[in-house]
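**Student:** From the sequence below, what's the structure:
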Amino acid sequence: MKKIIILLILPFALQAQKDYPALLDAYMQAAVNVNQFTGSVLIGKHDHIIYQKTFGTLDYANTKPLDESSMFELGNITEEFTAAAILLLKDKGKLKLTDPITKYLPELPYNTITIKDLLTHTSGLPDYYDEGMKDKWGTKKLATNADVIKSLAEVKAPLALEPGKKHDAYLCYTEYPLLAAIIEKISGLSYKTFMQQNIFTPLHLNRTNVFTELQATKKLHPNHTESVAFSEPQQKFLPGDSNNMPLEYHYITEAVVGETGISSTAHDLFVFSRALKSKGLLSSSTQKEMFTPYELEDSVNNIFFGYGVLTGNNELGRYIQQRDDGNNTTLGYVTSVINYSLEDYTIIVLANKAKSTSIVTGPLSYILFNREVIAPYIHQQVAIDTTLLDNYVGEYKVSRVAKVYKKDGTLWTTITGEPDLKLLPESPTKFFSSDKEYDWQIEFKTDASGKVLQTFFIFSGLKKEAKKL
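**Tutor:** The predicted model follows:
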């Protein structure tokens, strides 16, 4: 009996002996050396930080190194803070999520929309920029949330969709600015002051603040990162404000808070994330409500809106996430916070010099869950016998169906909705994308006769077996 017990315990003991900080750091060093990753990474298990490191510089000129106190624009992660503030008011009995928004913003012509509709992106509201302010605002002053409300009240644009219904992939940038306005109306405080007094200060988030006009001033805090965008066609970094958006766009959007506007550090985000899972901020019932999956955001990957967060299940388990992949307002930043509920891993990645390969949350998650990860490396094309390519042609499925076909003496692959990618050989059985924006590889395992036994798709370091259809 004792021998059996030892054998049962041994696999778990071997797993516990893994040096996860070393494995995580090895991947990140490769991401820095090959993909020029610049940013801050923090990984926690329960309330403990198991890995934290910064890489690169905070400025476009590459003169100031990042450190753990460097602040990043959070982009859409701001929504999680705004949702928490609304729920805090709910816990205090100041509002109900079923309240129509016109109870607090009576000038708006949308009395069928509730606060919950705003939280879950199911309001059907028109976009305040496209429908109300574009080509009308000018460049004399920055618009505020009050200006957004005034414009919506005057224009009276019709709803795009019926409020409260399932809107697959529908996302409106009007909703969270209105939530910020409701916070101001109920509290009598500015959004910035309310967040400081009720969330930032009580949780000791000393490097978290509401900044507006950040793109215009760039000097609101001496240790705030600059956004640096990457041009794939030119293969070089550019200042984040070189996004070819009209000047009016910045005057309309940059001082509007609620959906964006908060800057923070990886450490403060970890503290905030832990507070949302403890009793330090919201009641237990409200916490559960915040992370409940309500409305479908992504039908392919089965991701749902909660309140200010995304929630779903993948091959690693149930997760709660907020992210910003760099929209027009926060171009140059890629930010992500994800928590895997069962194991209670929290992975935070803040990048200020954004490339497509800056999204390293997936590979870091795979390492923690003992899945195979291919670290970034420089691919070298080799010459192969092109008759081998016929063995690889076909349709394959991982989460979606990918078609692999032959054209012009090489392999190509395509997924519905994505561009066709040319694949170059680095061996007779392994191919990589010729497009530097896409870290896509396909590896075939064959027998001595060349028959394909297994196929693996590798995207952004994640290695998954693909089944041929």
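
**Student:** Pro163 is in contact with Ile113, correct?
**Tutor:** Yes. In terms of C-beta atoms under 8 Å, Ile113 counts as a neighbour of Pro163; the distance is 4.7 Å. All C-beta atoms are positioned from the backbone trio N, CA, C, and that covers glycine.

**Student:** residues shared between the contacts of these two?
**Tutor:** Ser123, Gly124 (C-beta atoms under 8 Å, 6 or more residues apart in numbering).

**Student:** List of residues touching stretch 83-92?
**Tutor:** Residues outside stretch 83-92 that contact it (C-beta under 8 Å, 6+ apart): 95-97, 115, 119, 179, 182-183, 186-187, 194-195, 198-199, 276, 281-283, 286, 289-290, 307-309.

**Student:** Do you know the pLDDT at Lys134?
**Tutor:** As predicted, Lys134 sits at a pLDDT of 88.

**Student:** what's the spacing between it and Glu259?
**Tutor:** With distances taken as C-beta to C-beta, to the nearest Å, Lys134 is found 17 Å from Glu259.

**Student:** the more surrounded of the two?
**Tutor:** Shown here are Lys134 and Glu259; by other C-beta atoms under 10 Å, Glu259 has more neighbours (24 against 14).

**Student:** Provide a list of residues in contact with that one.
**Tutor:** Contacts for Glu259 (C-beta under 8 Å, 6+ apart) come out as Asn76, Thr78, Glu79, Thr82, Tyr173, Glu175, Tyr176, Pro177.

**Student:** now Thr114
**Tutor:** Applying C-beta under 8 Å, 6+ apart, we find Thr114 in contact with Leu97, Thr98, Asp99, Pro100, Ile101, Pro163, Gly164.

**Student:** Now with 7 Å, please.
**Tutor:** Shown in contact with Thr114 (C-beta atoms under 7 Å, 6 or more residues apart in numbering): Leu97, Thr98, Asp99, Pro100, Ile101.

**Student:** List only those of these flagged as buried.
**Tutor:** Buried positions within the contacts of Thr114, assessed by neighbour count (16 or more other C-beta atoms under 10 Å), are Leu97, Pro100, Ile101.

**Student:** wait, is the first one part of a strand?
**Tutor:** Pointing back at Leu97 there. No. Using DSSP: H, G, I helix; E, B strand; the rest coil, the assignment for Leu97 is coil, not a strand.

**Student:** and it, backbone torsions?
**Tutor:** Torsion angles at Leu97 (phi, psi; degrees, to the nearest 10) stand at phi -70, psi -20.

**Student:** Check the last one too.
**Tutor:** The main-chain torsion angles of Ile101 are listed as degrees, to the nearest 10 and equal phi -70, psi -20.

**Student:** again, but for the second one
**Tutor:** Backbone torsions for Pro100, taken as degrees, to the nearest 10, come to phi -70, psi 150.

**Student:** list the contacts for it?
**Tutor:** Shown in contact with Pro100 (C-beta under 7 Å, 6+ apart): Asn111, Ile113, Thr114.

**Student:** Now with 10 Å, please.
**Tutor:** Pro106, Leu108, Tyr110, Asn111, Thr112, Ile113, Thr114, Ile115, Asp117, Pro163 (C-beta atoms under 10 Å, 6 or more residues apart in numbering).

**Student:** mind listing which of those are in helices?
**Tutor:** Judged by DSSP state H, the contacts of Pro100 include Ile115, Asp117 as members of helices.

**Student:** these two touch, right, Pro177 and Ile252?
**Tutor:** No. Counting by C-beta atoms under 10 Å, Pro177 stays clear of Ile252, with 11.3 Å between them.

**Student:** and the gap between Glu295 and Ile338?
**Tutor:** Taking C-beta to C-beta, one finds Glu295 at 19 Å from Ile338.

**Student:** if we can go back for a sec, selecting buried members of the contacts of stretch 83-92 in PyMOL, what would you type?
**Tutor:** In PyMOL, selecting the buried portion of the contacts of stretch 83-92, with burial taken from 16+ other C-beta under 10 Å, looks like this:
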select buried, resi 95+97+115+119+179+182+183+186+187+194+195+198+199+276+281+282+286+289+290+307+308+309
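
**Student:** Show only the entries of the contacts of stretch 83-92 found in strands.
**Tutor:** Among these, no member falls in strands (DSSP state E).

**Student:** residue contacts, Thr455?
**Tutor:** Per C-beta under 10 Å, 6+ apart, neighbours of Thr455: 392, 394, 396, 398, 402, 404, 429, 442-446, 464-468.

**Student:** which ones among these are found in strands?
**Tutor:** 394, 396, 402, 404, 442-446, 464-468.

**Student:** Show the buried residues in those.
**Tutor:** The buried subset of the ones in strands among the contacts of Thr455 - by 16+ other C-beta under 10 Å - is Tyr396, Ala402, Val404, Ile442, Glu443, Phe444, Thr446, Ala466.

**Student:** So what's the predicted local confidence for the fifth one?
**Tutor:** Residue-level confidence at Glu443 comes out at 95, pLDDT.

**Student:** ok, it - contacts?
**Tutor:** 374, 426-427, 429-432, 454-458, 463, 465-466.

**Student:** and the gap between it and Val452?
**Tutor:** Using C-beta to C-beta, Glu443 is found at 11 Å from Val452.

**Student:** try the third one
**Tutor:** If you measure Val404 against Val452 using C-beta to C-beta, the figure is 11 Å.

**Student:** ok, now the first one?
**Tutor:** Separation of Tyr396 from Val452 (C-beta to C-beta) stands at 10 Å.

**Student:** what touches both of those two?
**Tutor:** Common contact partners of Tyr396 and Val452 (C-beta under 10 Å, 6+ apart): Lys468.

**Student:** Specify the local secondary structure of Phe72.
**Tutor:** strand.

**Student:** got it, and Phe230?
**Tutor:** With three-state DSSP as the basis, Phe230 sits in strand.
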